[in-house]
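1. pasting a predicted model and its sequence here:
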Amino acid sequence: MASVSTHAAPPRVLTIAGSDSGGGAGIQADLKTMLALGVHGMSVIAAVTAQNSVGVQGYWELPVEAVVAQYRSVVDDIGVQAVKTGMLASAELVEAVAGLLAERPAPVVVDPVGVSKHGDALLAASAVSVLRDRLLPQATVATPNLHEVAQLTGIEVTRESELADAAKAVQDLGPQWALVKGGHLEGDAVDLLRGPDGTETLFRAPRHDNRHTHGTGCTLASAIASYLALGLDVPDAVAAAKEYITGAIEGGFALGAGIGPVDHAWRFRK
């Protein structure tokens with residue numbers, strides 16, 4: 001007679017994003033991160049990319065009704081403790097996801113993906129204003145990189161001292177917390193978190209001499225969502241996620257002819 005499992009389910013985290021066929025970013029990176037951090041990852045696929053280490057060869061968004069159906073299937077039956085959004089591709093999909101998240105079933109981490117690591121556009125120009133006006137106000141934490149900050153606010157950040165103004169400008173768009181990622185600056189990898197009361201916290205890590213960094217943004221946002229689901233508050237979740245992504249970048253490995261991925265399993269290889 002088969003035994004009945006009495007194991008409690010781990011916290012559940014939902015990613016709403018695009019699929020990366022090369023496995024380094026997108027849904028694939030999100031689910032690897034969630035597994036590595038001890039939560040149960042679930043997915044709503046919003047777009048499918050043809051993607052590898054040298055670039056994005058094409059992408060196709062799913063119909064809005066398919067995205068809504070995936071979301072309803074997961075949330076209405078299984079439930080979630082945190083949600084992370086990534087590549088949403090079109091204005092129609094951004095609008096639909098914003099409407100779903102207006103229910104606010106759990107903390108929401110919005111990674112406002114605009115371009116790939118290789119510079120390929122992953123968000124239609126017509127979707128930028130919808131993301132700014134409709135999706136960011138649903139975010140518990142928004143995690144733009146410097147390119148996305150410029151796309152959303154018009155602010156160009158070229159030095160660490162400008163991160164604070166950028167974070168305030170992002171927060172003014174509606175998220176409770178704004179984490180501006182300074183990974184494209186010179187020197188240490190510095191990110192700035194601005195809280196609802198205006199408190200600013202810098203997260204600094206050594207910059208590793210490793211070009212294989214595909215999936216960093218997806219991985220960091222998913223790690224934050226995972227730690228929020230595990231019960232950490234936002235500053236502690238960001239600190240823990242920063243430690244995880246720093247190790248993943250250090251462990252990044254060559255894959256294909258171009259930029260390889262970060263190592264989501266770096267803790268298991270030590």
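-> Good, I have the coordinates.

2. quick one: the helices in the stretch 101-250 of the chain?
-> For the stretch 101-250 of the chain, the helices defined by DSSP state H, counting those that start in this stretch cover 128-130, 146-153, 163-171, 216-229, 234-250.

3. so which bits of the first one are buried?
-> Read that as helix 128-130. The neighbour-count check on helix 128-130 (16 or more other C-beta atoms under 10 Å) flags Val128, Val130 as buried. Glycine gets a C-beta too; all of them are placed from N, C-alpha and C.

4. list the contacts of that helix.
-> Helix 128-130 is contacted by residues Ala91, Val94, Glu95, Ala98, Gly114, Gln151, Leu152 when judged by C-beta atoms under 8 Å, 6 or more residues apart in numbering.

5. any idea how far the spatially closest residue to the last one that is not a sequence neighbour lies from Arg159?
-> Distance criterion C-beta to C-beta, 6 or more residues apart in numbering; nearest residue to Leu152, sequence neighbours excluded, is Arg132 at 5.3 Å. For Arg132, the distance to Arg159 equals 24 Å [C-beta to C-beta, to the nearest Å].

6. the more surrounded of the two?
-> Arg132 (18 against 10; other C-beta atoms under 10 Å).

7. correct me, but Glu160 touches Leu185?
-> Yes - contact criterion C-beta atoms under 8 Å: Glu160 and Leu185 qualify, at 6.1 Å.

8. so what sits against both of those two?
-> In terms of C-beta under 8 Å, 6+ apart, Glu160 and Leu185 are not both contacted by any residue.

9. just to revisit the earlier point, verify the contact between the residue nearest to Leu152 and Pro175 for me.
-> No - using C-beta under 8 Å, Arg132 is not in contact with Pro175, being 10.8 Å away.

10. give me the below-cutoff pLDDT ranges for the chain.
-> Applying pLDDT under 70 to the chain flags the ranges 1-5, 117-118.

11. ok, now with 90
-> Regions of the chain meeting the criterion pLDDT under 90 cover residues 1-7, 89, 103-105, 113-127, 182-189, 207, 209, 269-270.

12. give me the residue at the spatial middle of it.
-> Ala221 (3.3 Å; C-alpha atoms, centre = their mean).

13. got a list of what it touches?
-> Listed by C-beta under 8 Å, 6+ apart, the contact set of Ala221 reads Asp30, Lys84, Gly86, Val109, Val110, Asp111, Thr143.

14. and of the residues you listed, the nearest to Asp76?
-> Lys84 (18.8 Å; C-beta to C-beta).

15. now do that closest one against Thr143, distance only.
-> 9 Å.

16. what do these two both touch?
-> Common neighbours of Lys84 and Thr143 (C-beta under 8 Å, 6+ apart) are Val109, Val110, Asp111, Ala221, Ile224.

17. so the second one sits right up against Pro137, yeah?
-> No - here Val110 does not reach Pro137: they are 9.6 Å apart, not a contact under C-beta under 8 Å.

18. give me the more crowded residue out of those two.
-> A direct count of neighbours by other C-beta under 10 Å for Val110 and Pro137 places Val110 higher, at 28 against 16.

19. who does the more buried one form a beta bridge with?
-> Counting by DSSP bridges, Val110 forms beta bridges with Thr85, Ala142.

20. can you tell me how far it is from Ala205?
-> As judged by C-beta to C-beta, Val110 and Ala205 stand 22 Å apart.

21. I'd say Ile259 and Asn210 touch.
-> No - using C-beta under 8 Å, Ile259 makes no contact with Asn210, being 10.2 Å away.

22. who has more neighbours, those two?
-> Neighbours were tallied for Ile259 and for Asn210 using other C-beta under 10 Å; the higher tally belongs to Ile259 (22 against 15).
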